[in-house]
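J.: A structural model of the following input is requested.
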Amino acid sequence: MTQSAIIARSSVWAIPGGIHPEQHKNESNQTPIEVMPVPSQLWVPVSMHIGAEAEPIVKLGDTVRKGQLIAKAQSGVSANVHAPTSGRITSIKDHDFAHESGLPRLTIQIEADGLDAWRDQDPWPNWQERSIDEVLVRVREAGLAGMGGAGFPTDIKYRNKHTPIHTLLVNAAECEPYITSDDRLMQERAIDILRGAQISAWLLEADNIIVGIEDNKPEAIKALEQAANDLNLTIAIAVVPTKYPSGGEKQLIQLTTGQEVPHGGLPSDLGLLCQNVGTLYQLYKAVVLDEPLISRITTVTGQAAKRPGNYEVLIGTSIDDVLSYAGVNLKQADRIIMGGPMMGFAVPSTKAPVIKTTNCLLAPTAKELPAPMPDNPCIRCGMCEQACPAGLLPQQLLWAAKNRELESAELHNINDCIECGACAYVCPSRIPLVQYYRYAKGEIRQEAADHAQSERARMRFEARQARLEREKLEKEVRRKARAEAAAKALAAKKAAQEKAPEVADASAKTAKDDPIKAALERAAAKRKAKEAAQAKDNES
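T.: The predicted structure is shown next:
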């Protein structure tokens, strides 16, 4: 980093495909972020991220303070969970959860005491004086997970650097319609976002910071430029055309660097690491202010909302409470969608809580977002292939998925599908293509898991068979050794019996011819016998 800020406009490349749906962003991005009051009850799931769920470390009746650890991350890919406010633990049981499956999830219920009292905090204003390992421990302890995607634990990204990282790519595109939480965050808290980017680049030992942002966010761009000047931070801002899904990680990398992530590879293969602006904001709060991830900015919008806007909501707040605060008329709302209209899903219950990845709650009317119509047969128009930003063949993938030809689906790189929904959006036959692809991906994962389990069972069986065979051979070797020893002993005995008369005759002859020599031999034999007996006693 240089002494004075250099804010450059970076070059922009193109990506294949993409679509231009109606943005619907002005409905929610015209008002400042509003902090929602602390609700009386919070339901905090122990798993809000990819990987293993956290282990509860509190029990019924415990009192907790804001920011206190209540569920500890397990080893490997996992994330800590903290109390969003102070209060009392009233239950630890399964509760409604916002997921396509509709299945409940283990949740810690907190009855707020209204004090919102923090645990003891240890701010690090001079975080640069710490070691990288110390900062990474702090990030892990804060329970950070990706705020703009699937919720991958943040510290894992920094620990698993298999190649040197030279560029931090800040994902500020927010390309999905309706969602404006990142836009408002950049407009109001750009300096904290870039402070988080400084920490991220320091952890990565990266030389470059590129901000990828769509051109429909002029106020956010100005705010980032001003913040970079205030911090004397060198950044490059790549203003990309507004097109969905430019905010996809691989698509944004291609747009801002001209490079493509290889099939089956990661951005780190290109020396890049991508972080969402919301994640960087939370990174700053965790490292500098010692504030774990206990709240997030959530867009509430749709024609059924009287007060569409962006709200800072505590993790664990029920969706019902958020919708009520934003004036959503549930009778007018056709359904409640978590996320945007392209990649979001209808929540099975509004009693489910807001989690770390809840960037939007969309309350559309039936007219605004009509329910899906029955699909028709594919007419092979090719529009899906033209819209695919990953350069796939959606039509081929559809046939493979419908006929459960999983090898064919893999051959056509189904795992490169980002499930953006662009293909389904342009399909004149209204085929729910993404759902077919998700089904096929799930079947492929299940087959891989079954194969891995079968391989483990095979290896255990073969190891057992090898052990039994080894034990059998060892027993046979010991049996042969015993047989050989017995045969030798029998032969020695027989030889001794055959030689006994000759020895007796020789002894008698010696005694007759030389009595003195015979007496000496008898004495020596007695002495040897006595010594042998004593040695035997000593051994025993």
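
J.: off-centre distance for the longest helix along the chain?
T.: In the chain, taking DSSP state H as the definition, the longest helix is helix 433-513. Centroid separation for helix 433-513 versus its chain: 47 Å, with CA atoms, centre = their mean, to the nearest Å.

J.: let me know the average pLDDT across that helix.
T.: For helix 433-513, mean pLDDT is 86.

J.: show me what contacts Q187?
T.: E219, A220, A223 (CB atoms under 8 Å, 6 or more residues apart in numbering). Heads up, the C-betas are built off the backbone N, CA and C, glycines and all.

J.: one more: A206?
T.: Contacts for A206 (CB under 8 Å, 6+ apart) come out as I165, H166, T167, L168, S200, L273.

J.: may I see the contacts of Q187 arranged in TSV, with pLDDT, secondary structure and distance to V38 as well?
T.: Shown next, in TSV, are the contacts of Q187 (pLDDT from 0 to 100; DSSP: H, G, I helix; E, B strand; the rest coil; distance: CB to CB, whole Å):
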residue	pLDDT	secondary structure	distance to V38
E219	97	helix	30
A220	97	helix	29
A223	97	helix	28
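
J.: tell me where the stretch 201-350 of the chain has strands.
T.: Assigned strands in the stretch 201-350 of the chain, in chain order: 208-214, 235-240, 272-276, 295-301, 309-314, 337-338, 345-346 (criterion: DSSP state E, counting those that start in this stretch).

J.: quick one: which of those strands is nearest R470?
T.: With respect to R470, and counting by CB to CB, the nearest of those is strand 272-276 at 49.1 Å.

J.: send me the closest one as CSV with only the CA atoms.
T.: Extracted C-alpha coordinates of strand 272-276, given in CSV (Å, rounded to 0.1, in the frame of the first residue of the first chain):
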residue,chain,number,x,y,z
LEU,A,272,-7.5,-14.2,-5.8
LEU,A,273,-9.8,-14.2,-2.8
CYS,A,274,-13.3,-12.8,-3.0
GLN,A,275,-15.2,-11.3,-0.1
ASN,A,276,-18.6,-9.7,0.1
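
J.: pairing partners for it, with directions?
T.: Applying DSSP bridges, strand 272-276 is found paired with strand 167-171 (parallel).

J.: what about A489, how many residues nearby?
T.: If you count neighbours by other CB atoms under 10 Å, A489 ends up with 10.

J.: what residues sit buried inside stretch 257-276?
T.: 257, 260-261, 266-268, 270-276 (16 or more other CB atoms under 10 Å).

J.: would you map the helices across the stretch 301-450 of the chain?
T.: In the stretch 301-450 of the chain, the helices defined using DSSP state H, counting those that start in this stretch lie at 319-325, 383-387, 394-402, 406-411, 422-426, 433-513.

J.: next: the stretch 51-200 of the chain.
T.: Under DSSP H, counting those that start in this stretch, the stretch 51-200 of the chain gives helices at 132-141, 154-159, 181-204.

J.: re the thing from before, pipe the strands of the stretch 201-350 of the chain into JSON lines and attach distance to N415 and mean pLDDT per row.
T.: Converted to JSON lines, the strands of the stretch 201-350 of the chain look like this (distance: least, CB to CB, whole Å; pLDDT from 0 to 100):
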{"stretch": "strand 208-214", "distance to N415": "24", "mean pLDDT": "96"}
{"stretch": "strand 235-240", "distance to N415": "25", "mean pLDDT": "95"}
{"stretch": "strand 272-276", "distance to N415": "18", "mean pLDDT": "95"}
{"stretch": "strand 295-301", "distance to N415": "29", "mean pLDDT": "98"}
{"stretch": "strand 309-314", "distance to N415": "33", "mean pLDDT": "98"}
{"stretch": "strand 337-338", "distance to N415": "24", "mean pLDDT": "96"}
{"stretch": "strand 345-346", "distance to N415": "20", "mean pLDDT": "94"}
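
J.: for H49, find the nearest of those strands.
T.: strand 295-301 (12.9 Å).

J.: so what touches that closest one?
T.: So strand 295-301 is contacted by 24, 27-28, 33, 84, 147, 178-182, 184-185, 278, 282, 307-315, 322-323, 326, 328, 354, 356, 358-363 (CB under 8 Å, 6+ apart).

J.: show the buried residues in the residues you listed.
T.: For the contacts of strand 295-301, buried by 16+ other CB under 10 Å: 24, 27-28, 33, 84, 147, 178-182, 184-185, 278, 282, 308-311, 313-315, 322-323, 326, 328, 354, 356, 358-363.

J.: neighbours around L231, how many?
T.: The burial count assigned to L231 is 17, neighbours taken as other CB under 10 Å.

J.: oh, I was asking about Q226
T.: 14.

J.: that one touches A190, doesn't it?
T.: Yes: using CB atoms under 8 Å, Q226 is in contact with A190, at 7.0 Å.

J.: what sits against T357?
T.: Shown in contact with T357 (CB under 8 Å, 6+ apart): M48, H49, A145, G146, M147, G149, A150, G151.

J.: return a PyMOL selection command for the buried portion of those residues.
T.: The PyMOL command for the buried members of the contacts of T357 (criterion: 16+ other CB under 10 Å) is given here:
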select buried, resi 48+49+145+146+147+149+151
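
J.: for the contacts of T357, work out which two are farthest apart.
T.: Spatially, the most separated pair among the contacts of T357 is M48 and G149, at 12.7 Å (CB to CB).

J.: in the protein, where is pLDDT below threshold?
T.: Regions of the chain meeting the criterion pLDDT under 70 cover residues 1-8, 500-515, 517-518, 533, 535-540.

J.: let's go with 80 and repeat that
T.: Low-confidence regions of the chain, defined by pLDDT under 80, span residues 1-11, 75, 148-150, 160-162, 496-540.

J.: what about S131, how many residues close to it?
T.: 8.

J.: number the residues from 736 up from this point.
T.: Let's use 736 as the start, then, which means that last one is S866.

J.: could I get the phi/psi values of it?
T.: Note on S866: its backbone torsions stand at phi -80, psi 160 [degrees, to the nearest 10].

J.: that one and D1025, how far apart?
T.: Per CB to CB, to the nearest Å, S866 is found 17 Å from D1025.

J.: kindly report the same for G1062.
T.: 35 Å.

J.: do A925 as well
T.: Counting by CB to CB - A925 and D1025 are separated by 22 Å.

J.: which one of the two is surrounded by more residues?
T.: Neighbour tally, A925 and D1025, criterion other CB under 10 Å: the higher count belongs to A925, 25 against 18.

J.: contacts only, for I1054.
T.: Counted by CB under 8 Å, 6+ apart, I1054 has contacts A833, I1071, M1073, V1082, T1085, K1086, A1087, P1088, V1089, L1096.

J.: please indicate which of the residues you listed are buried?
T.: Here, 16+ other CB under 10 Å leaves A833, I1071, M1073, V1082, T1085, A1087, P1088, V1089, L1096 buried among these.

J.: what's the closest of those to H1147?
T.: M1073 (29.8 Å).

J.: might one say that the closest one is in contact with L1096?
T.: Yes: assessed by CB under 8 Å, M1073 is found in contact with L1096 at 6.3 Å.

J.: let's have the helices of the stretch 786-935 of the chain in CSV, adding distance to C1116.
T.: Listed next are the helices of the stretch 786-935 of the chain as CSV, based on distance: least, CB to CB, whole Å:
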stretch, distance to C1116
helix 867-876, 48
helix 889-894, 40
helix 916-939, 34
